[in-house]
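Visitor: Just to be clear, the model below is a prediction. Sequence and coordinates:
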Amino acid sequence: MIPNGVDPGMGEVGPERFVSRYGVSDFVLCTAGILARKNVLRLADALADLSYPGVFIGYPSPAESAYAREFAAVIDAHPHLHWIPGLAYDDPLLASAYRAARVFCLPSSSETQSLSALEAMACDLPVILGDYPYARQSPFEQCLRCDPRRPGALRAAVQGAMEDPDRYR
């Protein structure tokens, strides 16, 4: 049984559509709901400190509206960070976003088998995951892992992958 499957055409879409629509490429991509357990706010803070461009694609949760407001405030304060409040799975812009990115990061503290990480791998991106049990299962053994509770560890993982993506691909 395969709990999550990736569209085989995901890695065949080019980056042009996303780049022309949003004007950004070679960024850190995070596709996740705007939830505390996904640690998107910690990633946004790390990217703000590092000045790397970041793109977050995910819907806010009504149950965590205060978290989403805090996240939005960080995004709004840093012009190199972008939040797209969700794209449908079959939207070609989503596949194009993966192809336009340089690194994928999901520092989540709780996942089953992350479809977004599988999509990033299908698009040949280096993948950074939170160092939790889900990130130690197949097929994520070769992914770069970090403890997102430690801002220095998350920044170091992002910096390493952005500076040498082939090493972590």
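Guide: That came in fine, so what should we check first?

Visitor: Could you export stretch 146-154 as PDB, CA atoms only?
Guide: Backbone C-alpha positions of stretch 146-154 (Å, rounded to 0.1, in the frame of the first residue of the first chain) are rendered in PDB as follows:
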ATOM      1  CA  CYS A 146      17.200  19.300  11.600                       C
ATOM      2  CA  ASP A 147      15.600  20.200  15.000                       C
ATOM      3  CA  PRO A 148      13.300  23.100  14.100                       C
ATOM      4  CA  ARG A 149      13.000  24.000  17.800                       C
ATOM      5  CA  ARG A 150      16.600  25.200  17.600                       C
ATOM      6  CA  PRO A 151      16.700  28.200  15.300                       C
ATOM      7  CA  GLY A 152      20.400  27.800  14.700                       C
ATOM      8  CA  ALA A 153      19.900  24.200  13.500                       C
ATOM      9  CA  LEU A 154      17.100  25.200  11.100                       C
END
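
Visitor: Not counting that stretch itself, show me its contacts.
Guide: Outside stretch 146-154, the residues that touch it by CB atoms under 8 Å, 6 or more residues apart in numbering are 39, 42-43, 45-46, 49, 107-109, 128-131, 156-157. Where you see a C-beta, it was placed from the backbone N, CA and C, and this is true even at glycine.

Visitor: tell me the average confidence for stretch 71-88?
Guide: Taken as a whole, stretch 71-88 carries a mean pLDDT of 96.

Visitor: for the chain, what spans make up the helices?
Guide: Assigned by DSSP state H, the helices in the chain fall at 16-22, 40-50, 65-77, 92-100, 115-122, 151-163, 165-168.
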